[in-house]
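**Student:** predicted model, plus sequence, below.
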Amino acid sequence: MTEKTAEFGKLRSFFWPVYAYELKKLLPMLMMFFFINFNYTILRDTKDTLVVTASGPETILFLKTWGVAPCAVIFLLVYAKLSNMLSREKLFYAAITPFLAFFALFVLVLYPNREALHPTVSADYIQSFLPLGLHGLVSVYREWTYSLFYIFAELWGSAVLSLMFWGFANEITRVTESKRFYTLFGLGANIAMLVSGPAIIYFSNIRQGLPADVDAWQMTLNYLVGMVVLAGLSTIAIYWWMNRNVLTDARFYDPTEEKKAKKSKPKMGIMESFAYLAKSKYILSIAILVIGYGIAINLVEVTWKGQLKLQYPNPNAYSAFMGQFSTFTGAMTIIMLFVGGFIIRKKGWGFAAMVTPAVLMITGGLFFAFVIFRDNLGAYIAYLGTTPLMLAVVFGMLQNILSKSTKYSLFDPTKEMSYIPLDQEQKVKGKAAIDVVGARLGKSGGAFIQQGLVIVLGTVAAITPYVAATMLVVIVAWMWAVRSLNKQFVALTAEQPKATEAKEMPLTGAKASA
């Protein structure tokens, strides 16, 4: 009985390594993180539904490059300027309020008056002398209110989640607390998906109980965006409460506390980053991993969304499906967060790092095969009681769920582990170079490739075979980099196995609560 009690205490400290008094600080931060991720999921699914069902997935390619990227730069410039003028608390309010104001404006004014606001005549004229491949770019202008919604929704993740929340968390969280709190934040983020997913499904299906003359999608938008605004206001309220009841408690935050000085991260330009990557085969291999994932997932996602539009042309049906997708993704990621640690410990770095590209290759290959050859498979698939299009949608959904869950549970941990054997200078400069080159090429590479193909061939459907071949080449290069990096990683860690093992072991028992 004593052994069972001790084992239960050990598990409890592993899954919930928090002192009772720390709940005053942890729970509000968890709630903030929950509401922000709740909004992130709703906005991500809603923006795709708006744009894809209105004008097609081609529009996303141009929006990401010519809409989201420039607006992100503008936001960062304004944010940096305001940070020199406002206090930390006022800066938070000034940054998050415009998002909530725009979303409210969209459902109250912009969407109800979209027919009068959208320049259909001038857009048709512009399209008349431009090639078909640029219709996605014309759609950015034609449905400019949808484009603005897409941009604001896309920026919510980078501005509110990454910049404001994590900036706040890193500032008020001590190192000893972060080792215990941040893992719980990851679970909280996926629990938010389990809540927001069913909410999207419920409000997307309300069209079934509405009269025929009522705009069902307008009603769905009212409810979904209404929840976003309420969750945003709840985030502001929690932040306000923490500044007055938590950050004034010396147990949780001491502004005069001296923090250990950290080596500043070098700011490296594009050419400097490429030059540094070329010097180190090890760092270059890590960069290929990051770039490979970014390009491969983008190549599959846009094609999948094109199939989704064919299967669910109605925005309510499309949105309901995306709600199911978010729910399944949250559940699978929670499971994989625990499975991933087991795989890394039992199978080693190389096997764990190879899982994500293998999953993308298998599921992506099956998805593209069904898309390309669906006309020849109709008779066989009919025996399954479904259609080639629906099966392609399902394979695309599984591909996205598995790739995202393996990224969070295996790709990200193994990528960070690969920095451990490096000396301090390589860690700092290498990560800086990868952040510049890897992040930009990974996020934009897939969009640029598809943009070029769409301009030449006209539609996402027409470029699918070429996208599939490109994805295969990218994943093969990614796997080659994993194999090369594994050999170097094993060689570097062979001299210090005990030190490496200590860094990889999770906190358990008394150590987790220390």
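**Tutor:** Structure's in. What do you need?

**Student:** residues in contact with the spatially most central residue of the chain?
**Tutor:** Ranked by distance to the mean C-alpha position of the chain (Cα atoms, centre = their mean), the top residue is Gly157 at 7.5 Å. Gly157 makes contact with Tyr40, Arg44, according to Cβ atoms under 8 Å, 6 or more residues apart in numbering. For glycine as for every other residue, the C-beta is placed from the backbone atoms N, C-alpha and C.

**Student:** how near is it to Tyr150?
**Tutor:** To Tyr150, Gly157 is 12 Å away according to Cβ to Cβ, to the nearest Å.

**Student:** just Leu410 next, same as before
**Tutor:** 30 Å.

**Student:** pLDDT below threshold where in the stretch 351-500 of the chain?
**Tutor:** 377-379, 424-425, 427-429, 431-433, 435-441, 443, 495-500 (pLDDT under 70).

**Student:** all strands for it, in order.
**Tutor:** Remark: strands of the stretch 351-500 of the chain are absent; assignment by DSSP state E, counting those that start in this stretch.

**Student:** next: the chain.
**Tutor:** For the chain, no strands are identified by DSSP state E.

**Student:** which stretches of the stretch 151-300 of the chain aren't confidently modelled?
**Tutor:** 175-176, 178-180, 182-183, 186, 254-278.

**Student:** helices of that one, start to end?
**Tutor:** Along the stretch 151-300 of the chain, counting by DSSP state H, counting those that start in this stretch, helices occupy 166-172, 175-204, 216-245, 270-279, 281-311.

**Student:** looking at those helices, which is buried most?
**Tutor:** helix 281-311 (a mean of 23; mean count of other Cβ atoms under 10 Å).

**Student:** hey, where'd the helices end up in the stretch 401-514 of the chain?
**Tutor:** 412-417, 424-457, 460-493, 497-504, 509-513.

**Student:** from Thr333, how far out is the closest residue to Val339 other than its chain neighbours?
**Tutor:** Computed as Cβ to Cβ, 6 or more residues apart in numbering, the closest residue to Val339 that is not its neighbour in sequence is Ser409, at 6.6 Å. Using Cβ to Cβ, Ser409 is found at 7 Å from Thr333.

**Student:** now Leu43
**Tutor:** 18 Å.

**Student:** next: Ala296.
**Tutor:** 18 Å.

**Student:** again, but for Ser326
**Tutor:** Going from Ser326 to Thr333 by Cβ to Cβ gives 11 Å.

**Student:** what touches both of those two?
**Tutor:** Met193.

**Student:** between these two, point out the one with more neighbours.
**Tutor:** More crowded of Ser326 and Thr333, by other Cβ atoms under 10 Å: Ser326, with 26 against 23.

**Student:** surely the more buried one meets Ile201?
**Tutor:** No. Using Cβ atoms under 8 Å, Ser326 is not in contact with Ile201; the gap is 9.0 Å.

**Student:** report the distance from stretch 330-345 to the chain centre.
**Tutor:** Distance, stretch centre to chain centre, for stretch 330-345: 17 Å (Cα atoms, centre = their mean, to the nearest Å).

**Student:** any buried residues in it, and which?
**Tutor:** Neighbour-count burial for stretch 330-345 flags Gly330, Ala331, Met332, Thr333, Ile334, Met336, Leu337, Gly340, Gly341, Ile343, Ile344 (criterion: 16 or more other Cβ atoms under 10 Å).

**Student:** lowest-confidence one in these?
**Tutor:** Here the lowest pLDDT out of the buried residues of stretch 330-345 sits on Gly341, with 72.

**Student:** gap between that residue and Pro421?
**Tutor:** Gly341 is 20 Å from Pro421, by Cβ to Cβ.

**Student:** and for Ala494?
**Tutor:** 10 Å.

**Student:** quick one, which of those two is more surrounded?
**Tutor:** Pro421 (20 against 10).

**Student:** ok, the closest residue to the more buried one other than its chain neighbours - contacts?
**Tutor:** Closest residue to Pro421 apart from its sequence neighbours, by Cβ to Cβ, 6+ apart: Leu492 at 3.7 Å. For Leu492, the contact set (Cβ under 8 Å, 6+ apart) comprises Tyr282, Pro421, Leu422.

**Student:** can you tell me how far Leu492 is from Met417?
**Tutor:** For Leu492, the distance to Met417 - Cβ to Cβ - is 11 Å.

**Student:** next: Phe448.
**Tutor:** Distance of Phe448 to Met417, given as Cβ to Cβ: 30 Å.

**Student:** looking at those two, which one has more neighbours?
**Tutor:** Neighbours around Phe448 and Met417, counted as other Cβ under 10 Å, are more numerous at Met417. The numbers are 18 against 15.

**Student:** tell me which residues touch the closest residue in space to the more buried one that isn't next to it in sequence, please.
**Tutor:** Distance criterion Cβ to Cβ, 6+ apart; nearest residue to Met417, sequence neighbours excluded, is Trp349 at 6.3 Å. By Cβ under 8 Å, 6+ apart, the contact set of Trp349 is Thr414, Met417, Ser418, Asn486, Phe489, Val490.

**Student:** make CSV out of these and add distance to Ala192.
**Tutor:** Below are the contacts of Trp349 laid out as CSV (distance: Cβ to Cβ, whole Å):
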residue, distance to Ala192
Thr414, 25
Met417, 27
Ser418, 29
Asn486, 34
Phe489, 34
Val490, 38
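
**Student:** good, we can wrap up now.
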